[in-house]
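Q: after the sequence you'll find the predicted model.
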Amino acid sequence: MKKQFKRFGLRTLSAVASLALTAQTAWAIDPFVLRDIRVEGLQRVEAGTIFATLPFRIGDSYTDEKGSTAIRVLFGLGLFKDVRLEINGSELIVVVEERPTVASVDFVGTKEFEKDALVSALREVGLSEGRPFDKALADKAEQELKRQYINRSLYAAQVVTTVTPIERNRVNLTFAVIEGDTAKIKDIQIVGNSAFSQSTLRGLFNLDTGGWLSFYTKSDEYSRSKLNADLESLRSYYLTRGYLEFKIDSTQVAISPDKQSITIAINLSEGERYVVSGVRLEGAYLGKEDDFKSLVTIKPGEAYNADDVTQTIRAFGDYFGKFGFAFAKVDARPEIDRTNNRVLLVLQSEPARRAYVRRINIAGNSRTRDEVVRREFRQLESAWYDGDKIKLSRDRVDRLGYFKDVNVDTQEVPGSPDQVDLSVVVTEKPTGNLQLGAGFSSAERLALSFSVRQENVFGSGNFLGVEVNTSKFNRTIVFNTTEPYFTQDGISRTVDVFYRASRPLENQGGTYELQTAGAGLRFGVPFSETDTVFFGATIERTRIVPGVNIPAVYLAYANRFGFSSNALPLTVGYARDDRDSALVPTRGRLQRVSAELGVAGDARYYRANYQYQQFIPLGGQFTFALNGELGLGGGLNGRPFPVFKNFFSGGLGSVRGFEQGTLGPRDVTGSITGGAEKITLNAEVLAPFPGTGNDRTLRLFAFVDAGNVFGENEKIRFASLRSSYGIGLSWISPVGPLRIAAAKPIKSEPGDRIQKLQFQIGTSF
């Protein structure tokens, strides 16, 4: 009877474990020495997990306090739905009831999200297949799903969880979702503004009340992250126009009862507009005060501009870093004269201590070899910390194109105040590309393409590519490989093997072709971070294949020098590129010079080309772009310039508004044959597409073009240039840059082939 009494008493203790922690009960048990411990009720959990968790062992003294602790820590494992301790003499029996485990997670009615995205979101809150399950976890998962839908402006989304028990103490979870309609922004109100109009301030926002392009931009769908970004744009707008004390007092987001419309109210205080009265330097400047003063972009006499202050502070920090002061502190302290609405900016600097780079650590490159990253670094280990070299190194690694993200962090070395470690963290992206597809252009009609490209073969940093392209006018087979570090000094080597068959674009019903096959070897020698010189040689064989509508000049050249021509052209080139982007540049300059010299074989000639591009930011996401291209060619050793090396002009990429490749000299049959000299001039103003905010991948542009092609030894006459103007659309599409242009000729001649609407994928400028 006494034994039964003890079992009942302790079972009661487990049921009210929380009370047992704070008070003695009537069922208290006298301490005794444990002779044995048994575990009952286990299905999947190992007994060792229980024994390792218990706060006592066999031979220890057992007390009520230890029993309460045991129950608490076993529950804390999150594996059990119920825990009981039973005593049989000096034996302790741990009776557990395991929680069911999640066998599967399924979703019904989810259209907005992929299943993998939802599974990942639930995993972050602790719910996934194979994990213990309880109702609280299901409720938490339900709330997480609703949060995901709220982030997509689906406030009316409903989630119902169904738990289905199955064999072996497992459950299947099904989340049934009714997504509902997306909540749209009905109104955005800005309260407290007087210096700028509502329309001006709302024009800064990416969020709006919708327009005809909202299906693409989703600008009328509310999200907190978008609103925060817009508030920062609003704050920046005021702080760059003199409103030093501007602040946003509050932001209210109200949703309608049917959860289909949202109203946003922003309350702000503009404050007074301040003019900069002067800039004063305080602190230590390494004896280079004049150098630091030259970095100041803050302009006395003009309105306070937070961007100028930030730019100056950053420039000071970078300049300190150039001399090894990795921990320099620069603060801008405003001294405000509210009587006269003027502000004096005090730049306080403390260079701290000079530092060496002890070690450069690279992480995240699971595929790319360390040496591929390290060889791009200009900051060396055991050398002075140099901020310019570190930034340059980061940019060089980023320009490799192998990584989604590149970050360089500076870390102090414990116990060594004059040393730092650099941690380079990269996020790799797929560098292989396999494409099977078709393209269409107004010039070449249907073009089938196949290409295999690997920019980082086996993580070595080398490039390997095979490309096949076929169209009505051009067929291409190309194999090439590039080794960017053929030598340790960074000299690159490129090998090309190619076959090209082409017909002039204006040919109608003709069957003749120009076929060129060959192989080339090129080297690139970097002379600076932006300047590279290229040189190489190519062996090629060109055939003029007779056919219908072959131009007379082609026949004349073939009759004189043969239908087949072997050549050994030597090539040399120079490029300087400091643009901020290759696809969507907004600033910077590109210059390219290339020359081809046929020194051996049947064709003796020279062919040179110079291109200059300049991109100038105009503010407000507007960009002014200039492009100029000049091509010159001529024959050598008494031979004419080979007709198969002629330049062509007209259409996208040259003079828009004229059919592709139709400008220039014509032979006696009236066929366009191209010429040995070419000039192209373009000017564009690019602007964001209405409704897309700051999206640079979709832009409108207005342009003016001029250019023409001239025959060998013919003087380039500007009076003979064709010209046009128009507007267009530029889109970085998933299949490449797409440009559509509507043009009207300014100057044309009788016989010119006009084409007012043109489009093409892959054409630049």
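A: In hand now; what should we look at?

Q: now the strands for the stretch 251-400 of the chain?
A: Assigned by DSSP state E, counting those that start in this stretch, the strands in the stretch 251-400 of the chain fall at 261-269, 275-283, 329-337, 342-350, 356-363.

Q: mean pLDDT, mean neighbour count and distance to Phe527 added to these, as a markdown table?
A: Quick note: C-beta positions are derived from backbone N, CA and C, even for glycine. Putting the strands of the stretch 251-400 of the chain into a markdown table (pLDDT from 0 to 100; neighbours: other Cβ atoms under 10 Å; distance: least, Cβ to Cβ, whole Å) gives the following:
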| stretch | mean pLDDT | mean neighbour count | distance to Phe527 |
| --- | --- | --- | --- |
| strand 261-269 | 94 | 18 | 52 |
| strand 275-283 | 94 | 15 | 37 |
| strand 329-337 | 93 | 14 | 34 |
| strand 342-350 | 94 | 18 | 35 |
| strand 356-363 | 91 | 16 | 25 |
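
Q: as CSV, those with distance to Gly670 would be great.
A: Shown next, in CSV, are these (distance: least, Cβ to Cβ, whole Å):
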stretch, distance to Gly670
strand 261-269, 64
strand 275-283, 68
strand 329-337, 70
strand 342-350, 71
strand 356-363, 63
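
Q: out of the ones you listed, which is closest to Lys140?
A: strand 261-269 (26.0 Å; Cβ to Cβ).

Q: centre of the chain versus the closest one, how much separation?
A: 31 Å (Cα atoms, centre = their mean, to the nearest Å).

Q: show me what that strand is packed against.
A: The contact analysis (3 or more Cβ pairs under 8 Å, 6 or more residues apart in numbering; DSSP states H and E) places strand 261-269 against strand 184-191, helix 224-239, strand 247-255.

Q: who does that strand pair up with?
A: Sheet pairing of strand 261-269 (DSSP bridges) gives strand 184-191 (parallel), strand 247-255 (antiparallel).

Q: and the angle from that strand to helix 224-239?
A: 30 degrees (axes from the mean of the first three to the mean of the last three Cα atoms, to 10 degrees).

Q: Arg38: how many residues sit nearby?
A: By other Cβ atoms under 10 Å, the residues close to Arg38 number 12.

Q: which one, of the strands of the stretch 251-400 of the chain, ends up nearest to Asn456?
A: strand 356-363 (15.0 Å).

Q: so what touches the closest one?
A: If you take Cβ atoms under 8 Å, 6 or more residues apart in numbering as the criterion, strand 356-363 is touched by 324, 370, 373-374, 377, 379-385, 413, 416, 418-426.

Q: quick one: it to chain centroid distance?
A: 26 Å.

Q: what about the nearest residue to Phe527 once chain neighbours are set aside, distance to Ala575?
A: Residue nearest to Phe527 in three dimensions, not counting chain neighbours: Val533, with 6.2 Å by Cβ to Cβ, 6 or more residues apart in numbering. From Val533 across to Ala575, the span is 8 Å (Cβ to Cβ, to the nearest Å).

Q: kindly report the same for Gly48.
A: 67 Å.

Q: those two: which is more packed in?
A: Ala575 (16 against 9).
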